[in-house]
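Chemist: pasting the structure only:
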């Protein structure tokens with residue numbers, strides 16, 4: 001049994017905490033809201049994020065981050081990308097031993113263009129970091145809590161650390177593979193949210209299955225181009241954290257990014273969409289980062305570029321789609337390679 005804390009009591013953090021508790025680990029969830037911690041402890045529910053779910057009675061919560069850190073040998077970082085530096089700042093003062101950090105968020109920081117593992121390594125003292133492992137893959141919280149079969153990947157250059165996380169989470173309904181390609185896993189997990197926003201837009205425009213298939217396929221091509229240029233393994237993008245995560249996020253109504261894109265395709269403005277969603281839509285910030293990365297690495301990312309125009313330059317979605325369709329003719333395979 002490991003002593004584990006999950007930082008972040010949103011839907012995904014709570015679902016992973018359930019897996020850990022059901023696997024017999026001493027699991028504590030940290031939330032910045034005292035009322036949410038009390039709900040989890042007394043009612044064994046998290047109604048805002050998983051309204052139909054009853055949590056295990058051996059899963060506990062706290063709003064005291066010092067208590068959370070003191071409890072832990074392993075810390076799962078499950079807060080939105082924009083909150084990671086702030087949470088690390090709160091956590092640092094309580095660190096007094098080496099901890100294995102596992103991050104499960106999917107995003108890239110705009111402007112700095114840092115991946116989440118890089119943000120953690122920069123924000124936490126090296127002497128307290130045992131390793132940083134990425135856990136990513138096609139995994140909706142709403143299905144994990146129902147014990148529907150789910151497969152993900154634990155990635156770390158230190159394969160023994162990845163295998164430790166594999167052992168931590170793996171059970172009969174939650175299968176974990178390992179991978180040493182941290183860059184590829186993080187880039188695939190982050191940029192699939194960008195393509196999912198675009199997929200929602202095509203559905204909002206009622207463009208049908210042909211358009212979505214094209215978008216997913218060409219979206220994977222530009223994710224792979226960028227990821228390989230940044231040092232990722234091209235085969236990673238054909239795996240769970242590339243094609244797998246892209247499929248589930250672009251086709252499921254559970255996907256916040258797809259739902260946000262769908263509302264944009266129906267004619268709503270970005271701020272109206274974000275207000276209505278009431279949850280973090282990682283793909284919005286990541287679209288800005290993807291646009292900046294494409295410029296930095298001189299990589300063609302036409303879908304990400306047009307989506308950036310829709311989100312931040314008020315270009316109409318229909319006009320952006322037309323621009324994609326009327327690009328200069330290309331060879332498919334040459335461009336992918």
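Modeler: It's in. Small disclaimer: the values here were computed from a predicted structure and weren't measured. Numbering: from 1, shown residues only.
Chemist: below-threshold pLDDT in the stretch 201-337 of the chain: ranges please.
Modeler: For the stretch 201-337 of the chain, applying pLDDT under 70 flags the ranges 334-337.
Chemist: helices of that one, start to end?
Modeler: Applying DSSP state H, counting those that start in this stretch to the stretch 201-337 of the chain gives helices spanning 208-229, 245-251, 256-265, 270-277, 282-297, 302-312, 317-325, 332-336.
Chemist: mind giving me the packing neighbours of the fourth one?
Modeler: By that I understand helix 270-277. Using 3 or more Cβ pairs under 8 Å, 6 or more residues apart in numbering; DSSP states H and E as the contact criterion, the elements in contact with helix 270-277 are helix 256-265. Where C-beta positions appear, they are placed from N, C-alpha and C, glycine not excepted.
Chemist: what's the most buried one of the helices of the stretch 201-337 of the chain?
Modeler: Ranked by mean neighbour count under mean count of other Cβ atoms under 10 Å, those are led by helix 256-265, which reaches a mean of 24.
Chemist: name the helices or strands packed onto it?
Modeler: helix 182-204, helix 245-251, helix 270-277, helix 282-297.
Chemist: find the nearest non-adjacent residue to the residue positioned nearest the centre of the chain, please.
Modeler: Nearest residue to the geometric centre of the chain (Cα atoms, centre = their mean): residue 106, 2.5 Å. Once flanking residues are discounted, residue 106 sits nearest to residue 189: 4.0 Å by Cβ to Cβ, 6 or more residues apart in numbering.
Chemist: gap between that neighbour and residue 182?
Modeler: Residue 189 sits 11 Å away from residue 182 when distances are taken as Cβ to Cβ, to the nearest Å.
Chemist: between the two, tell me which one has more neighbours.
Modeler: Set residue 189 next to residue 182 and count neighbours by other Cβ atoms under 10 Å: residue 189 wins out with 33 against 24.
Chemist: that older thread, right, and the helices of the stretch 201-337 of the chain - which one's nearest residue 71?
Modeler: Set against residue 71 and scored by Cβ to Cβ, the helices of the stretch 201-337 of the chain come closest in helix 282-297, at 27.4 Å.
Chemist: many thanks, have a good one.
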